[in-house]
Structures are given as structure tokens and as C-alpha cells.
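**Student:** coords please:
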Amino acid sequence: MLTADALRKLGQAQLTKEERIKRRRALDTLGVPTFDEFLGQQKLSLDKGAIEILQMNIGLYCNQVSI
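**Tutor:** The predicted model follows:
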């Protein structure tokens, strides 16, 4: 299993499926709810609303140039 430092360095995407399953089982043992369960308990939702702010960051160089 990865150490906390390695996890911070590599990120969650680098965990193997088995490591993710082990971590979820450990959280289940502690009674930690899944993200969806937590949202339901807090009566929160992730419903998409109307766009209120459009932010554009304009720099000197653009790395999305089409050739």
C-alpha cells in the first residue's frame, strides 16, 4: 500500500483498483460515509445551476494553438 507521502506525490489516480478497494473498506469499517451519502446526510446536492460568472484568464502565451 502506498504511503501518505507517495499518495500526495502521485495523486489518487495512481492508486490501483485493489488499493482503492482496501481504502474504501477501511473507511467503511470506521463508519465514514461515501461522498454521495455525505451529501444526502447534509441535505446538499450538486445540481447544476445557471452560470453567474465567466472568468477568462488571458496570458502572454496560449498553449491551445491549433496548427
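**Student:** so where is the chain shaky, pLDDT-wise?
**Tutor:** 1-3, 6-7, 10-13, 60-67 (pLDDT under 70).
**Student:** Please, where are all the helices along it?
**Tutor:** For the chain, the helices defined by DSSP state H cover 4-10, 17-30, 35-41.
**Student:** how about those helices, which one is nearest I53?
**Tutor:** Between I53 and the helices of the chain, the shortest gap by CB to CB is with helix 35-41, which sits at 23.0 Å. C-beta: built from backbone N, CA, C; applies to glycine.
**Student:** starting at the chain centroid, how far to the closest one?
**Tutor:** Helix 35-41 sits 15 Å away from the centroid of its parent chain (CA atoms, centre = their mean, to the nearest Å).
**Student:** for it, packing partners?
**Tutor:** The contact analysis (3 or more CB pairs under 8 Å, 6 or more residues apart in numbering; DSSP states H and E) places helix 35-41 against no helix or strand.
**Student:** before we move on, the earlier item: distance to G59 and mean neighbour count added to the helices of the chain, as TSV?
**Tutor:** Listed next are the helices of the chain as TSV, based on distance: least, CB to CB, whole Å; neighbours: other CB atoms under 10 Å:
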stretch	distance to G59	mean neighbour count
helix 4-10	27	10
helix 17-30	36	11
helix 35-41	34	10
